[in-house]
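Undergrad: Here's a sequence, model it:
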Amino acid sequence: MIFSCFKHLHLAIFFCSFILLGQSQSYRWQQSVKYEMNIDFDESKHQFDGSQKLLLRNNSPDTLTTLYYHLYFNAFQPGSDMDVRFSNLPDPDPRVANRIGKLKESEIGFHEIKSLKQDNKSVDWTIIGTILKVELHHPIFPFDSSEMTMKFFAQVPVQIRRSGRMNKEGIDYSMSQWYPQLCNYDEHGWHANQYLGGEFYAPWGDFLVRIRMNKKYTIAATGYALSSSDPQYVKSTLKNNSPDTIWQFYAPKVHDFVWAADPDYVHDTVQISDNRVLHFYHQPNEKFDEAWKSFPPIMREALKYIEMKFGPYPYKSYSFIQGGDGGMEYPMATLITGNRPLISLVGVGVHELMHTWFQMLLASNEAFYPWMDEGFTSYAQQEVMNHLFSLNLIPGSTKMEDSHLVTVKNYVKFVTEEVEEPLSTHADFFQTTKAYQFAAYSKGAMCLHQLRYIIGDRLFEQGMLDYYYAWRFKHPNPDDFFRVMEMTSGLELDWFKDYFVNTTYKMDFAVDSVMTIKEGKSIIVLSRLEPFPMPIDLVVTLKNGKLLHFNIPIDLMLGHKELDKGVKILDSWHWVSPKYAFTVNESLEDILSVQIDPKQKMLDIDISNNKWMPVK
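TA: Below you'll find the model as predicted:
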């Protein structure tokens, strides 16, 4: 009896352990950081001294003996990996091209590390391009913390890509990727990529940043501007009658910190719900001032719609800041060039704001999966812009029945005329800039467009909200996203992920033939001319004006999408078969046309064969 009880206890412990293991695997741990930085800025030399205190909590199951930091400014030097990469691409981004190689000593960017300690004990380090490798004085064990203190010196490069001084619109400082930033360590290990002007990946944490700068400047930044700075720091930093002032910002649970400074900034605000504020910083410009005046209420409406469709914005403020070299997203803020007409200003504003959801809150590894940020953001931007058009908030704009149709057509043009590379390609490894931009933006957007076609509007929109709530602040990967959409829709979607992400296979379906068979019925035969299988929406138009709507799932789905009333579900198309046939109760003489995908939702590369009509 004692043995029996022990055996049952052993089994109970085993099953409890199994359940806990499953639960622990379902939660993705995240490293936790806290930054405190003091910056003394010398605008006469475009240089600054910095001190950084970084508290790292190791939430991983691994013991860390080495740390890695990004030193982004080091990319803006002749001979850097970024310089060589863009000098050798067949179609380099013209904002970079060969400009880095022409920089003078006073124009380059750099980070110099003056000292570095772990828990007040000096450590050894090595700088390799844009990466700082640190050999720890003592290991950081799982669930333990360690404090890194650093003194560094930096020079701001001339504006080339994202960060720099004196951009093309005359903004003095666009300060992104400007400080030594800890690389992210996740279940795959360290992500210490050389900076090539591409994508970002970092742990979430809290930032407290103090910037001493000439008081003529207005500073806009990530986070919340605090009314007073640390008295001891102020006393030790500012002399009597100093021309400088100290700005202090606090940003909770973000994975980066951006700021910009200009003496001519105009600062406007608009209130949104729950005492939240949108901030707007721009240089006065008679040609574009009216656009900036109209901009704030439109973005308030945009945010309201975004929160309804994609989930709540968790911070109390967001800033649209004129600066940078186009548009670039950061936590709680964006840098955008501002000399634009209203529709362009709203377009870039919506795009960069939308990045808050897919890169600041969900934050997939952009180097591995740029399409999960840029593509999803581009899709959402089109949805939001179409909503704004429907409200007539932007003069001259018109709501479209399908706001993604232009992207569909651009997709078809690219995959038939250019060299496509799979979405699974690392962001830095694409062979052409065109292929990267197409994959990250257009094909990434079309991933959501095709999923919506496959699972239906209602469940797609629910799935996007489920994705947000399940994976915000957890760095999801493609499997995580598709699993959420499977759970929401009740359909198998791994086939779509494998085809769409890992291959460059195309879609092409055709109405092969329509023939009358016995008893006045007709048989309709469809062909799949390219490898990519898809469910089919099809309409048969009769000569009396009646429309017969059909849906053909593929067997890989193990189900079908929600269908509108009046749509007949047919037997599944087996993906291994290149042809599919079904019968209708009408004779050939009664049929005016048969059309695959009448709303052109699929990425069919040749729609000329999608419609059959009898030969006259």
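
Undergrad: so where is the stretch 151-300 of the chain shaky, pLDDT-wise?
TA: 228-236 (pLDDT under 70).

Undergrad: Where does pLDDT dip in this structure?
TA: The model of the chain has pLDDT under 70 over residues 1-27, 228-236.

Undergrad: which residues does the residue nearest the centre of it contact?
TA: Among the residues of the chain, D373 comes closest to the average C-alpha position under CA atoms, centre = their mean, at 1.9 Å. Neighbouring residues of D373 by CB atoms under 8 Å, 6 or more residues apart in numbering: E199, H355, F358, Q359, S364, E366, A440, G444. C-beta: built from backbone N, CA, C; applies to glycine.

Undergrad: that's a strand at the fourth one, yeah?
TA: The one in question is Q359. No. Under DSSP: H, G, I helix; E, B strand; the rest coil, Q359 falls outside any strand and is assigned helix.

Undergrad: In which helix or strand does L208 reside?
TA: strand 205-214 (DSSP states H and E).

Undergrad: neighbouring strands for that strand, and are they parallel or not?
TA: strand 32-42 (parallel), strand 244-254 (antiparallel) (DSSP bridges).

Undergrad: Dump the contacts of D373 into TSV; add distance to L526 and neighbour count as well.
TA: Shown next, in TSV, are the contacts of D373 (distance: CB to CB, whole Å; neighbours: other CB atoms under 10 Å):
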residue	distance to L526	neighbour count
E199	40	22
H355	40	23
F358	36	26
Q359	40	26
S364	36	24
E366	39	19
A440	33	26
G444	29	25
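
Undergrad: Keep only those of those residues that are in helices.
TA: Per DSSP state H, helices hold the following members of those: H355, G444.

Undergrad: Tabulate the contacts of D373 (CSV), appending distance to M308.
TA: What follows is the contacts of D373, written out as CSV (distance: CB to CB, whole Å):
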residue, distance to M308
E199, 28
H355, 18
F358, 16
Q359, 20
S364, 23
E366, 26
A440, 26
G444, 23
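
Undergrad: where do the helices sit along the stretch 51-200 of the chain?
TA: 81-88 (DSSP state H, counting those that start in this stretch).

Undergrad: Could you list which residues are in contact with Y330?
TA: S176, T222, D256, F257, V258, M360.

Undergrad: Recalculate using a threshold of 6 Å.
TA: Contact partners of Y330, counting by CB atoms under 6 Å, 6 or more residues apart in numbering, are D256, V258.

Undergrad: Got phi/psi on it?
TA: Recorded main-chain torsions at Y330 are phi -150, psi 170, according to degrees, to the nearest 10.

Undergrad: Not including adjacent chain positions, what is the nearest residue to D172?
TA: Nearest residue to D172, sequence neighbours excluded (CB to CB, 6 or more residues apart in numbering): D262, at 4.8 Å.

Undergrad: Over to L226?
TA: Using CB to CB, 6+ apart, the closest residue to L226 is Q248 (4.4 Å).

Undergrad: State the number of residues packed around that neighbour.
TA: If you count neighbours by other CB atoms under 10 Å, Q248 ends up with 21.

Undergrad: Chain neighbours aside, what residue packs nearest to Q382?
TA: Of all residues not flanking Q382 in the chain, S403 sits nearest, at 4.4 Å (CB to CB, 6+ apart).

Undergrad: whoops, L526 was the one
TA: Using CB to CB, 6+ apart, the nearest residue to L526 is Y580, at 4.7 Å.

Undergrad: Need the three-state assignment for the one you found.
TA: Classification of Y580 by three-state DSSP places it in strand.
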